[in-house]
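Visitor: just coords:
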């Protein structure tokens, strides 16, 4: 949801930030503009290549690390079309139902518990891809084929072309929502007690994305100095839990875990998961030492409901609608040795002033929208392309103000009755296991 806005991080006078772009566009004659593309090329030339664990080797072109450049959002300028199922090379609206049937995929309905802490589950009400208006408020719909998303093709570095993604590497099983007074991380432990998934050749079978959304005014004015460690305070957590597909597992096992023998997108995923280091709490905090940890990218597209918004809100959301959003300086990774889950926490509290304020001001309007959300790993070199979605799903009219469960209730319940299968039967434990 945060991806509907074009976020910026760091100093607001950088190239790529709203304030920085305005200053350069309005610069007097003779002013030398900074060239972010030049900095990217210099960074590429300066960095050593990496092997499957992030160490240097000679067989791979150098990866751009956006962690120490001014180009955190360099891919946000890529043009993504609005949601349109009639794209060339993608299924038409009339064909979508039959395509799902061919893949053995049926639309599902799963209610959330009416009482207890299980109310943190967002109910699943699958809707036809071509009919976004049919969804019920505050629900989600599966997107098992990754429909609607265009990602970098095999020759992207040469032709700059994007194509419909192949089926995602993970299937979404749960979407949960919580309120919080301060940011929380490691939902694999908070929700599942760490006892979920398995490890296949160094890759977890459960992927968790924790979107941390602030719900308070930015603590500093535009010209103020940023707090050390970034701001924190009340907000919401949207937690997406996905399971590795059988096809992804088969590719890992076919290659015996050798990332260089895997298909490019699976190999990039394996290197990303295996990288580190992590601290004693399993955390890899920004700035990330391994360049392969700098490639997580999110895309959010408005699929419906925008016609009911005021013009000014439509304009604000439209600025970043469908544009790729790099998660680097705001991404926190959790991986525990021997545990079967991997988690990324996206810290929207640390977005720039404009994005944070815009996100908060538009909270009440999300209840009108249907949003297609996807996560991928950005391929920067031919042997990492084409890109492929990690997961995708549809958020239907997400009314953030109606989130009922406070995240602290997870700890409170765990202390009294535990947080395993017996204590939390409302979770789809079996569905998160590999066949």
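Guide: On my side now, so go ahead. Model, not experiment: these values are computed from the prediction. Numbering: from 1, shown residues only.

Visitor: please enumerate the strands of the stretch 151-300 of the chain.
Guide: Ranges of strands in the stretch 151-300 of the chain, per DSSP state E, counting those that start in this stretch, are 162-164, 170-180, 199-200, 203-204, 206-214, 235-244, 283-284, 296-304.

Visitor: make CSV from those strands and add distance to residue 151 and mean pLDDT to it.
Guide: (Each C-beta comes from the backbone N, C-alpha and C, glycine too.) What follows is these, written out as CSV (distance: least, Cβ to Cβ, whole Å; pLDDT from 0 to 100):
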stretch, distance to residue 151, mean pLDDT
strand 162-164, 6, 93
strand 170-180, 15, 97
strand 199-200, 24, 97
strand 203-204, 20, 98
strand 206-214, 17, 95
strand 235-244, 17, 96
strand 283-284, 24, 96
strand 296-304, 8, 90
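
Visitor: quick check: which of those strands is nearest to residue 334?
Guide: strand 283-284 (5.8 Å; Cβ to Cβ).

Visitor: which neighbouring elements make contact with that closest one?
Guide: Secondary-structure packing of strand 283-284 (3 or more Cβ pairs under 8 Å, 6 or more residues apart in numbering; DSSP states H and E): strand 331-335.

Visitor: in the sheet, which strands lie alongside the strand it packs on, parallel or antiparallel?
Guide: Strand 331-335 has its sheet partners listed here by DSSP bridges as strand 283-284 (antiparallel), strand 341-347 (antiparallel).

Visitor: give me the distance between residue 139 and residue 132.
Guide: Plainly put, residue 139 is 12 Å away from residue 132 if you go by Cβ to Cβ, to the nearest Å.

Visitor: so what's in contact with the two at the same time?
Guide: Among the neighbours of residue 139, those also in contact with residue 132 (Cβ atoms under 8 Å, 6 or more residues apart in numbering) are residue 396.

Visitor: let me know the helix or strand that the closest residue to residue 299 other than its chain neighbours is in.
Guide: Of all residues not flanking residue 299 in the chain, residue 374 sits nearest, at 4.9 Å (Cβ to Cβ, 6 or more residues apart in numbering). Assigned by DSSP states H and E, residue 374 belongs to strand 370-377.

Visitor: packing partners of that strand?
Guide: Secondary elements touching strand 370-377 (3+ Cβ pairs under 8 Å, 6+ apart): helix 264-274, strand 296-304, strand 389-396.

Visitor: mind redoing it with 6 Å?
Guide: strand 296-304, strand 389-396 (3 or more Cβ pairs under 6 Å, 6 or more residues apart in numbering; DSSP states H and E).

Visitor: tell me the first helix or strand C-terminal of the shortest one.
Guide: Scanning forward in sequence from strand 389-396 by DSSP H and E, the next helix or strand is helix 408-417.

Visitor: run through the bridge partners of residue 332.
Guide: Per DSSP bridges, the residues bridged to residue 332 are residue 345.

Visitor: that one touches residue 346, doesn't it?
Guide: No - counting by Cβ atoms under 6 Å, residue 332 does not reach residue 346; the two are 8.1 Å apart.

Visitor: which of those two has more neighbours?
Guide: residue 346 (24 against 20; other Cβ atoms under 10 Å).

Visitor: hmm, back to that, mind putting the helices and strands packed on strand 370-377 into a markdown table with mean neighbour count?
Guide: A markdown table is the format used below for those (neighbours: other Cβ atoms under 10 Å):
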| stretch | mean neighbour count |
| --- | --- |
| strand 296-304 | 23 |
| strand 389-396 | 25 |
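
Visitor: including distance to residue 264, could those strands go into JSON lines?
Guide: Listed next are those as JSON lines, based on distance: least, Cβ to Cβ, whole Å:
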{"stretch": "strand 296-304", "distance to residue 264": "15"}
{"stretch": "strand 389-396", "distance to residue 264": "14"}
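
Visitor: so what strands line up beside the strand holding residue 374?
Guide: Strands that pair with strand 370-377, judged by DSSP bridges, come out as strand 296-304 (antiparallel), strand 389-396 (antiparallel).

Visitor: what ranges does the protein have for its helices?
Guide: 18-25, 36-46, 96-102, 156-159, 187-192, 246-254, 264-274, 311-318, 353-361, 408-417 (DSSP state H).
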